[in-house]
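Student: fold the following, please.
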Amino acid sequence: MTPPPALSPSDLARYGRHLSLAEIGVEGQRKLAEARILVVGAGGLGSPAALYLAAAGVGTLGIADFDRVERHNLQRQLLHGDADVGEPKVDSALRRLRAVNPGIRLQAHPEGVQPDTALSLFSAYDVIVDGTDTFASRYLNNDAAVITGRPLVHGNVFRFDGQLSVFDPARGGPCYRCLFPQPPPVGAVPSCGEAGVMGALCGVIGSLQALEAIKLVTGAGEPLRGRLLAHDALAQRFQILSLARDPDCAVCGITPVIRKLDPERYAPACASPSSTFMPEPFPLQISVSAARDLVRQGPAPARIIDVREPHELEICRLQGAEHIPMRRIPERLAELPRDQHLLILCHHGSRSLHVTQYLRQQGFPAVSNIAGGIEAWAAELDPSLVRY
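Tutor: From the prediction side, this is the model:
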């Protein structure tokens, strides 16, 4: 194997702060110079991720995005400026990244990631950073990464909540489908355009994605393989859940059924009603009014599990709800009934969605997330609850 090229005097000056880190040093910087990293999506997450990867000296940085810059992007997508509105995102992104570091190789993929080209595209890179914001894209990126054996640095943001993980079945970790086997039903999860997103939160999660990619390349630290980091920006709180690989996963399980990328599986309207997604007896998400009605029913009413932090309960709480903080869920599984419908509640519905998926992965079939959380409960059902 050809050793990585020696660093030039200019490189030694530019990356001096990396070289001072024993965990990276000259060898790690040379690995970065040899690395090929693909950032999928030049948007809210892809912007900070790409900027930090370019600044870090990643030798080849690919940007895949088919979209054009719109004015509402500018609140969070720092690769683009006001003068770039209407321009293809890959064009303004590469121009900005060249200004950050002219010494790296940049590759534009203006067609984005498509089912017929994803495998060859991913095979040309070492690490995939997923900054997309649609379910169709996330499942496509996940499946392509699993099939090609590439680690996928996943991030997503919603309102004030962000999540991050490294999906890497080739090295023993789970994949996105292990956590979310299929897209949610229609209307269950509003888009960021409908619900909004805090711009600076994108910077937090996107920067962490860059950090995870750098760790994967250099071998420094412990990547988030098999772990999900959840960030509540309003409370400035980070929590981590352990994730297990699903032996029955459709793409990375013992007997995978997804071995190729069928375009119909990743249609943009993947969350549209179809025979693929039949109504469940225990849906992934339910509205606050449906949750209220289920709790009132007998003889075996549903049970609300509030996964917020103790200080949040001091602000407002639902009478009758059981409190188990998100971080305590794994150690208290034995206390939860498997024959009762569990309704998971948090502030806005993001943390509770991940707990819902986690519990389903642990063999709890009757678990549903309360969409919108206690914020929606206060807005729609009980105005006496203090909103925060």
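
Student: double-check that Leu343 belongs to a helix.
Tutor: No. Counting by DSSP: H, G, I helix; E, B strand; the rest coil, Leu343 is located in no helix; its state is strand.

Student: that one touches Ile305, doesn't it?
Tutor: Yes. Contact criterion CB atoms under 8 Å: Leu343 and Ile305 qualify, at 7.0 Å. C-beta: built from backbone N, CA, C; applies to glycine.

Student: which of these two has more neighbours?
Tutor: Leu343 (27 against 22; other CB atoms under 10 Å).

Student: for the more buried one, give me its contacts.
Tutor: Counting by CB atoms under 8 Å, 6 or more residues apart in numbering, Leu343 makes contact with 286, 291, 294-295, 302-305, 368-370.

Student: give me the below-cutoff pLDDT ranges for the stretch 51-200 of the chain.
Tutor: Within the stretch 51-200 of the chain, the segments meeting pLDDT under 70 span 184-195.

Student: follow-up on the earlier one: biggest separation within the contacts of Leu343, which pair?
Tutor: By the measure CB to CB, Val295 and Asn369 form the most distant pair in the contacts of Leu343, at 14.7 Å.

Student: of these two, who's got more company?
Tutor: Ranked by neighbour count (other CB under 10 Å), Val295 and Asn369 place Asn369 first, with 29 against 16.

Student: beta partners for the more buried one?
Tutor: Gln285, Ile344 (DSSP bridges).

Student: do you know how far it is from Met326?
Tutor: Using CB to CB, to the nearest Å, Asn369 is found at 12 Å from Met326.

Student: what touches both of those two?
Tutor: Val355.

Student: residue boundaries of the helices in the protein?
Tutor: Listed in chain order, the helices of the chain (DSSP state H) span 9-14, 16-19, 25-34, 46-56, 89-100, 118-123, 135-148, 176-179, 192-195, 199-218, 288-296, 310-315, 350-361, 373-380.

Student: out of those, which gets nearest to Ile240?
Tutor: The nearest among those, by CB to CB, is helix 350-361 at 10.9 Å.

Student: that older thread, just name the most buried of the helices of the chain.
Tutor: helix 46-56 (a mean of 26; mean count of other CB atoms under 10 Å).

Student: so what does it touch, helix or strand wise?
Tutor: strand 36-40, strand 60-64, helix 89-100, strand 127-130, helix 199-218 (3 or more CB pairs under 8 Å, 6 or more residues apart in numbering; DSSP states H and E).

Student: pLDDT wise, what is Ala271 at?
Tutor: Here the pLDDT value assigned to Ala271 is 35.

Student: one more: Arg338?
Tutor: Arg338 is assigned 88 on the pLDDT scale.

Student: who are the contact partners of it?
Tutor: 363-366.

Student: what's it sitting at in phi/psi?
Tutor: phi -90, psi -10 (degrees, to the nearest 10).

Student: could you chop the chain up by domain?
Tutor: 35-266, 285-380 (automatic domain parsing).

Student: okay if I get the helices and strands packed on helix 46-56 as a markdown table plus distance to His72?
Tutor: Shown next, in a markdown table, are those (distance: least, CB to CB, whole Å):
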| stretch | distance to His72 |
| --- | --- |
| strand 36-40 | 20 |
| strand 60-64 | 20 |
| helix 89-100 | 13 |
| strand 127-130 | 22 |
| helix 199-218 | 11 |
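
Student: select, out of the ones you listed, the one closest to Leu353.
Tutor: Once the helices and strands packed on helix 46-56 are compared by CB to CB, helix 199-218 is nearest, at 15.9 Å.

Student: what residue is smack in the middle of this structure?
Tutor: Among the residues of the chain, the one closest to the centroid is Gly155, at 2.8 Å (CA atoms, centre = their mean).

Student: who's in contact with that one?
Tutor: 45, 49, 129-131, 162-164, 205-206, 208-209.

Student: the stretch 201-350 of the chain: strands as residue ranges?
Tutor: Along the stretch 201-350 of the chain, counting by DSSP state E, counting those that start in this stretch, strands occupy 227-232, 237-242, 285-286, 303-306, 322-323, 342-345.

Student: quick one on the thing from earlier: of the contacts of Gly155, which is the nearest to Ala13?
Tutor: The nearest member of the contacts of Gly155 to Ala13, counting by CB to CB, is Ala49 at 24.5 Å.

Student: is it true that the closest one touches Gly203?
Tutor: No. Between Ala49 and Gly203 there is no contact under CB under 8 Å: 9.8 Å.

Student: on that earlier part again, how far away is the residue nearest to the centre of the chain from Val307?
Tutor: Counting by CB to CB - Gly155 and Val307 are separated by 21 Å.

Student: if I look at the closest residue to Asp168 other than its chain neighbours, how far off is Ala145?
Tutor: Counting by CB to CB, 6 or more residues apart in numbering, Pro151 is the residue found nearest to Asp168 once chain neighbours are left out, at 4.1 Å. Separation of Pro151 from Ala145 (CB to CB) stands at 7 Å.

Student: so for these two, which residues contact both of them?
Tutor: 128, 167.

Student: ok, Gly57 - how many residues close by?
Tutor: With other CB under 10 Å as criterion, Gly57 counts 22.

Student: ok, now which ones touch the closest residue in space to it that isn't next to it in sequence?
Tutor: Spatially, and ignoring its direct neighbours in sequence, Gly57 is nearest to Leu32 (4.9 Å; CB to CB, 6+ apart). Going by CB under 8 Å, 6+ apart, Leu32 touches 18, 56-59, 214, 217-218.

Student: save these as CSV, and put in distance to Asp116 too.
Tutor: Formatted as CSV, those follow (distance: CB to CB, whole Å):
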residue, distance to Asp116
His18, 38
Ala56, 32
Gly57, 33
Val58, 27
Gly59, 27
Ile214, 31
Val217, 28
Thr218, 33
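
Student: nearest to Gln357, out of these: which one, please.
Tutor: Proximity of the contacts of Leu32 to Gln357 (CB to CB) peaks at Ile214, which lies at 27.6 Å.

Student: my guess is that closest one meets Leu53, correct?
Tutor: Yes. At 7.4 Å, Ile214 counts as touching Leu53 under the criterion of CB under 8 Å.

Student: follow-up on the earlier one: out of the contacts of Leu32, which two sit at the greatest distance?
Tutor: Farthest pair in these, by CB to CB: His18 and Gly59, 13.9 Å.
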